[in-house]
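> The following comprises the amino acid sequence and a computationally predicted model.
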Amino acid sequence: MEIKGKATPENGHLFFDPMLNWLESYTHNPSAKTLVNIHFEYFNTVSSKFILAIFRKLNELYCKNNETIVQWICDKNDEDMIEAGEDYQALVNFPVNIIETD
């Protein structure tokens, strides 16, 4: 799974609910390994709570003995995005690899 770009919806449900619904279905019959690449240039406060919901759903998957890895990809000079990745990293049990790019 890959999430990439800018997330600035005023109504986060319209954008994120289909993704969360798909993820919920996926958790019932997941692959042996789940890799999620997340590469936001920017996300707003509304999006942050939905991103947390994605991380929580992935954490449930991990707790059911499914190999789950998130790669949080961000510009090496974007301190805010690096910090956001570290914040999410602290909230889950599975590996969140922060990958800083040029």
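That came through fine.

> which SSE is Ile69 in?
strand 67-75 (DSSP states H and E).

> Tell me the gap between that strand and the middle of its chain.
Offset of strand 67-75 from its chain centre (CA atoms, centre = their mean, to the nearest Å): 8 Å.

> How about residues contacting it?
32-40, 55, 58-59, 61-62, 81-82, 84-85, 88-89, 92, 94-102 (CB atoms under 8 Å, 6 or more residues apart in numbering). Just so you know, the C-beta spots here come from the backbone N, C-alpha and C atoms, and that holds for glycine as well.

> How about stretch 48-57?
With CB under 8 Å, 6+ apart, stretch 48-57 has contacts from 3, 7, 12, 15-16, 19-20, 23-24, 27, 36, 38, 43, 70, 84, 88, 91-92.

> redo that, cut-off 6 Å
By CB atoms under 6 Å, 6 or more residues apart in numbering, the residues outside stretch 48-57 that reach it are Gly12, Phe16, Leu20, Leu23, Tyr88, Val92.
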